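# Here's my sequence, what's the structure:
(chains A, B and C, ligands or ions: 1)
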Amino acid sequence: MSIQFNDETFRDDYTFRNSDWAINRFPFPFHEDHYMYSVNMEQHRGGPEGSVFEKRFDVDEHYVAEMRDRAQVLADDPLRCQSLPHMTLAGWDLLELIMVSKSEDYPDLFELHRDDDKWRWVNKPLGIDDSFTFMDETTLPYGPMEYITRQTQGDFAVLDQRDDNLWMDAGMITTQADWSLDFDIGMNFFEWHAPVPKANEMGIFVRALKFLMSVQQGAPARRLNWTMTVNPLLDTSPENYHKWGIQKTQMTPENVGEKQHLRVELQTFFRLPRSNGLVFPIRCYLISLDDLTSIPKWGRRLHRVIRDLPEELATYKGFIDNRPMIIDYLAKVDNGAETSPGIWPDLHLEPDAKA
Amino acid sequence: MSKFQFPKAIFSRPVYTVLERRVGSHHLMVADAEGGGALLDLAKSDSGLMADAHVIYIPKHTGDTYSKPLAAFAPGQFYIGSSYEASVARLRRTLLGAHMGLQVYLAGTEGLMGQVQSEAAQAGISPESIQSEHRGSVARRMQCVHCKGITEDVTVDPFVCGHCGLNLYVRDHYSRRLAAFQGVCVNAEDPGNVPKAKELYT
Amino acid sequence: MSGVEKIAVRVTNIVPLNALVTRFEFKRSDGLHFPTFSGGAHVVVEMQDGEILRRNPYSLMSDPADQSQYAISVRRDDEGRGGSLFMHRSVSVGDEMLISNPVNLFALDLRARKHLMIAGGIGITPFMAQIKQLSRTNGNWELHYASRNAALASYGSELMAQHPNGVHIYYDDDKQSIALEALLKGQPLGTHLYICGPKGMINWVRDTAKKAGWPHEAIHYEEFLAPQSGKPFEVKLAQSSMVIQVGENQSLLEAIEAAGVDAPYLCRGGACGQCETAVIGYDGKFLHNDHWLTNEEKASGHKIMPCVSRFEGKTLVLDR
Ligand code: HEM
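Next comes the predicted model:
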């Protein structure tokens, strides 16, 4: 299937919509009826056909609109994309990884032609056809990391590995769940995770770091993380929090199903060969509660997860004030029936499923 | 209030120790105000050290309380700066000419120590190999996450950003690169309501 | 599957460099390109040595940007358990072998203002790749290379010819040695120090740098420990409910693998920490040979690194 790209916005009039295709392949993050932080990592080597896990870098109907939103964020605030001087080599690693992956995984959308270090990159959805010299920054309009991540959905943290730690020394961060690259750049794994409640005491970060430092070339890994966002706003940045924070107070029992979105991050980890760095793409998927509850199992499960989530987590994720309203909405779709294990919709298991 | 016990905080927040002599080819000491007292304690514990030391000291409100006795130890190089801004060119020049084996000792306010550490990191010294001892004011250097302006010597929470005028609350999240804590709008979800400011650590 | 991704390769060239060291060059069996790598990376080479499947790490010494071939240089160790002997005696051009994807435990710190490299003997190999990487990116580096004599200084003359200003070679037989204290003293702030060579040399350079006030973050070293031979011993694997025998010339990790039990690893040289295994019970004495566990952990009897460490005694029960 070639993808039909939506013409939509993630700000102001919020015309963002998920098609039925997008709803059915949404990466629902809960494999059971409750949630707590854990070292939830697995290999990233494909997944069921059509799922967001199938390709190394998933491209979907929101691609073109998301890239337009990113360009707007960067025009307003160039500090959302930064790279410390020693990270240029890792930037080339990332450019190569994405160009090779996308041209192999989506040959109808992207082409890469390589003749030694003379490269030609064709990005059909965005109408780009550039020829450049690999490893020669003067032949690209931006640095290599910025160039390729202006054309790839999701945020990117590029990590340097040294002194038994990972250091966030470069990134393209415009669709973040309320953290600042400009503030966090240069920090190590424990420093940038410092605001997260509980996980440290649970020993999660020590184990996660150990896992990440041994991620091998050709053996990427992934995990899911989630939060709640009012309106399909991609750029929930601290930088602009004084502007968007107020939207959290504009939810009512009438509009909660339309305004409240579950925000899921598909986070992947790839070793970068030339620099020995690590890239951490953070791909954001949004779904309104109205759309999410069209999958009965997901509606029931989300109700139970949100209802029983420890207060510290609901506070950290920023929806403690709206939680009662969200629970009221979700309670209506929770008939108490069992939910099947795993994250998939399992529509065939619902009582009114057509055989 | 000369020595202050900071409450336990999140991991990004710096922790301070008591300066002690380390082996090294050269010793660079930078301190402000009551931090002079920490250098004095160090000098007293090891009188030979000061002859090899380059001391950059910014007395601020302390007059010659510390500068006089420091001078008496006859440091190899002794500079009294009228402010951090006035001293930073000298600091950079010193780092530029320095060699591996240099030991760095910082003392005084968090703002001063953080800024010198950040300069030293840019010159190639890793923060882990710099010692810092807090003395004196507990004021914080804050970055406004919204306008990026830095406000020095913040002692109350919330405070008003000196650049954009937003009301910011004081986080413990700390950036060594910026040498600053983070300030975030306190009333974004409730515009009319700014909590009453109170002294930090009260 | 534990460990790392494997690549099927064909031996395309075997070049004896001197009495002890031979270079092996590989191309991919499937004709595709090799992955690029970062200078300092190693690959684990699998060798079917009779009954025993050996996996030894060797630093890649070819140009990291050259995806057409990989090369390693192997020093013959006549005292060792046989991995290097197998490479020297039993491998021929045209042989098919399996190697791992590159793994780097000795990476350059790319922030360094200057890279100061100290090599001893076969420890030159990771620097060969790092120098090629740095030359390509106009890096600032300097190599000091100690060898017994000119004949045994693998790649010495090649390096001198290519980089007359950056390479300094010292021959033990001529009583030449690195004037280390003076060398360290003159280095500008932001210099990083890299050491690869025999244990004695690594310790000497690390100690001297420490005494000169160098921070540990600026000191990098790599020493692959070859697993030692030793008395055979018996181990109980609790999770797998098995009792296995570790042979005289076999490592504990090799014996675990031979029993069909999957155990993680990366370096197989006591450095990376991947194979760390919990000890459930023991009656006897550990022979810890790794760089990974702290002295307290070694003394505690709760952990062992099966890639290089052994055991002597009555019973050993592991959580595998
Ligand atoms: C190296 C890649 C990673 C990067 C760059 C990264 C970055 C971040 C950042 C910037 C935050 C927000 C912190 C804040 O509040 O300011 C965060 C939150 C978090 N991270 Fe990571 N992270 C990484 C890997 C991981 C891994 C492997 C785990 C595994 C368990 C993990 C667990 C978490 C958790 C639990 C949170 C809190 C999220 C929430 O409750 O919404 N992170 N991460």
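# Show me the contact partners of the host helix or strand of residue C:235.
Element membership of residue C:235, judged by DSSP states H and E, is strand C:233-237. Here strand C:233-237 makes contact (C-beta atoms under 8 Å, 6 or more residues apart in numbering or on different chains) with C:242-246, C:252, C:255-256, C:259, C:261, C:310-313, C:315-318, C:320. Placement of C-beta: from N, CA and C, glycine included.
# go with 10 Å
The contact list for strand C:233-237 (C-beta atoms under 10 Å, 6 or more residues apart in numbering or on different chains) reads C:242-248, C:252, C:255-256, C:259, C:261, C:263, C:277, C:280-282, C:284, C:287, C:304, C:306, C:310-320.
# Can you get me a residue count around residue A:60?
The local packing of residue A:60 (other C-beta atoms under 10 Å in any protein chain shown) involves 18 other residues.
# Correct me if wrong: it contacts residue A:3.
Yes - with contact defined as C-beta atoms under 10 Å, residue A:60 reaches residue A:3; the gap is 6.7 Å.
# Chain B contacts on the stretch 201-350 of chain A?
A:205, A:237-249, A:318, A:321 (C-beta under 10 Å from any C-beta of the partner chain).
# Mind checking which of those are in helices?
A:205, A:241-244 (DSSP state H).
# list the helices and strands the lowest-mean-pLDDT helix or strand in chain C packs on?
Lowest mean confidence among the helices and strands of chain C (mean pLDDT, DSSP states H and E): strand C:52-59, at a mean of 88. Judged by 3 or more C-beta pairs under 10 Å, 6 or more residues apart in numbering or on different chains; DSSP states H and E, strand C:52-59 is in contact with strand C:41-49, strand C:70-75, helix C:83-90, strand C:96-100, helix C:124-136, helix C:252-258.
# Relative to that strand, what are the paired strands and their orientations?
Strand C:52-59 pairs in its sheet with strand C:41-49 (antiparallel), by DSSP bridges.
# ranges for the helices of the chain?
No chain was given, so I picked chain A. Going by DSSP H, chain A shows helices at A:20-24, A:63-76, A:88-105, A:144-149, A:181-184, A:189-192, A:204-213, A:241-244, A:256-259, A:289-292, A:296-308, A:311-316, A:323-331.
# hm, I was asking about chain C
C:83-90, C:124-136, C:156-162, C:180-185, C:199-211, C:252-258, C:295-300.
# Of those, which is nearest residue C:67?
Among those, helix C:124-136 comes nearest to residue C:67, with 13.2 Å by C-beta to C-beta.
# So that closest one, near chain B or not?
No - Helix C:124-136 stays clear of chain B (C-beta under 10 Å from any C-beta), getting no nearer than 16.7 Å.
# tell me the least confident of the ones in helices among the residues of the stretch 201-350 of chain A next to chain B?
Least confident of those in the model: residue A:205, at 93.
# Could you check how far that residue is from residue A:341?
For residue A:205, the distance to residue A:341 equals 27 Å [C-beta to C-beta, to the nearest Å].
# Can you name the residues bridging to the residue nearest to residue C:218 when sequence neighbours are not counted?
Counting by C-beta to C-beta, 6 or more residues apart in numbering or on different chains, residue C:218 lies nearest to residue C:192, which is 5.0 Å off, once chain neighbours are set aside. Per DSSP bridges, residues listed as beta-bridge partners of residue C:192: residue C:115.
# Residue C:192 contacts residue C:115, correct?
Yes - applying C-beta under 10 Å, one finds residue C:192 in contact with residue C:115, separated by 5.7 Å.
# Give the residues shared as contacts by the two.
Counting by C-beta under 10 Å, 6+ apart, the residues touching both residue C:192 and residue C:115 are C:108-109, C:141, C:220.
# Which single residue in the stretch 51-200 of chain C comes nearest to the ligand?
Closest contact between the stretch 51-200 of chain C and the ligand, by C-beta to the nearest ligand atom, is at residue C:107 (16.6 Å).
# Skip the chain neighbours and tell me the closest residue to residue 71.
The chain I'm using is chain A. residue A:150 is the one closest to residue A:71 (C-beta to C-beta, 6+ apart), at 6.7 Å.
# oops, I was thinking of chain C
residue C:62 (4.0 Å).
# ok, the one you found - contacts?
Contacts of residue C:62 (C-beta under 10 Å, 6+ apart): C:23, C:25-26, C:34, C:37, C:68-73, C:125, C:128-129, C:132.
# Show me which of those residues is closest to residue A:174.
residue C:37 (31.5 Å).
# In CSV, please show the C-alpha coordinates belonging to the longest strand seen in chain B.
Ranked by residue count under DSSP state E, the longest strand found in chain B is strand B:167-175. Provided in CSV are the C-alpha atoms of strand B:167-175 (Å, rounded to 0.1, in the frame of the first residue of the first chain):
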residue,chain,number,x,y,z
ASN,B,167,6.7,33.9,37.4
LEU,B,168,9.0,30.9,37.7
TYR,B,169,9.3,28.1,40.2
VAL,B,170,12.7,26.8,41.2
ARG,B,171,13.5,23.3,40.2
ASP,B,172,16.3,21.1,41.5
HIS,B,173,17.0,19.9,37.9
TYR,B,174,20.5,21.3,37.1
SER,B,175,22.5,21.7,33.9
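# Packing partners of the helix or strand just after it?
Scanning forward in sequence from strand B:167-175 by DSSP H and E, the next helix or strand is strand B:180-185. In terms of contacts (3+ C-beta pairs under 10 Å, 6+ apart), strand B:180-185 is packed against helix A:181-184, helix A:241-244, helix B:110-122, strand B:140-144, strand B:150-154, strand B:167-175.
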